[in-house]
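> Could you work out the structure for the sequence below:
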Amino acid sequence: MPSLWITLKEAREMSKKSPEGCSSVDFLGCLENGEIEAKTLYLERLTAFPDGSKPPVHPPHQQTEKSFEQSHIVLQPGLWQNPSTVIEFDKSIATFVEGDVEYVTDTILVRREDVERLWPPRAPPKNKGGREPKWDWEGAMMAMGLHIFVNGRPSSQAELEKLVQGWFIDRFDQAPAESLIREHVEPFYQAIVNSIPEKG
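Numbers count the residues shown, from 1 in each chain. As a prediction, the model looks like this:
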């Protein structure tokens with residue numbers, strides 16, 4: 001059973017891979033208007049106290065879904081609307097200033113169902129009967145054609161194989177076996193690419 005909560009980084013990746021796509025500005029907008037519920041275990045003070053002493057540092061901990069549900073801080077829309085807030089999606093944290101004090105969050109988790117509601121995952125291809133191909137080779141061929149149009153003749157067949165593998169992973173989180181990719185790329189490379197003269 002999938003976890004009810006996912007990290008901010010995972011949520012951002014899910015939104016980018018949805019069929020509609022999502023910019024970081026759009027994602028932030030959904031946090032600002034409360035469409036995405038976000039929580040963290042604690043806020044850490046970064047600014048020293050008035051007497052010059054440093055704030056205590058939270059010890060490392062093992063965050064589990066159970067501990068998170070039992071003790072957490074809800075990150076209200078006002079936090080995301082705060083002009084001082086800086087989000088680091090790769091680290092799933094945010095820093096912000098309240099009054100004269102700067103804080104940093106612990107790992108931010110968001111509710112998975114909110115993300116899936118706003119950016120539904122790509123539906124698997126429907127089987128129309130007969131022998132339906134598992135992989136979108138037509139899309140992969142178009143990606144190769146666009147690559148050649150923009151960049152010219154590739155240096156090797158391996159370059160196109162790597163391109164196709166990355167294309168599948170970006171869209172479907174998985175790719176065909178290398179031998180199967182090679183089987184589809186080779187005739188394309190021989191028939192199309194070899195007709196393009198090498199760059200002089």
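
> Output the lowest mean pLDDT helix or strand found in the chain.
Using mean pLDDT, DSSP states H and E, the weakest-scoring helix or strand in the chain turns out to be helix 65-70, at a mean of 50.

> After that helix, which helix or strand is next?
Heading C-terminal from helix 65-70, the first helix or strand you meet, by DSSP states H and E, is strand 73-74.

> which helices and strands does that following strand pack with?
Helices and strands in packing contact with strand 73-74 are listed as strand 38-40; criterion 3 or more Cβ pairs under 8 Å, 6 or more residues apart in numbering; DSSP states H and E. All C-beta spots, glycine's among them, are computed from the backbone N, C-alpha and C.

> which other residues reach the strand it packs on?
Judged by Cβ atoms under 8 Å, 6 or more residues apart in numbering, the contacts made with strand 38-40 from elsewhere in the structure are 5, 8, 31, 68, 72-75, 105-110.

> got any ranges where the protein has weak pLDDT?
Residue ranges of the chain with pLDDT under 70: 1-3, 57-71, 122-133, 193-194, 196-200.

> Please write out the alpha-carbon positions of stretch 7-20 in PDB.
Listed in PDB are the C-alpha atoms of stretch 7-20, where the atom choice follows Å, rounded to 0.1, in the frame of the first residue of the first chain:
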ATOM      1  CA  THR A   7       8.400  14.100   0.400                       C
ATOM      2  CA  LEU A   8       8.200  17.500  -1.300                       C
ATOM      3  CA  LYS A   9      10.800  16.400  -3.800                       C
ATOM      4  CA  GLU A  10       8.700  13.300  -4.700                       C
ATOM      5  CA  ALA A  11       5.600  15.400  -5.100                       C
ATOM      6  CA  ARG A  12       7.300  17.800  -7.400                       C
ATOM      7  CA  GLU A  13       8.600  15.000  -9.600                       C
ATOM      8  CA  MET A  14       5.100  13.400  -9.800                       C
ATOM      9  CA  SER A  15       3.600  16.700 -10.900                       C
ATOM     10  CA  LYS A  16       6.200  17.200 -13.600                       C
ATOM     11  CA  LYS A  17       5.600  13.700 -15.000                       C
ATOM     12  CA  SER A  18       1.800  14.100 -15.200                       C
ATOM     13  CA  PRO A  19       0.300  14.400 -18.800                       C
ATOM     14  CA  GLU A  20      -0.500  18.100 -18.100                       C
END
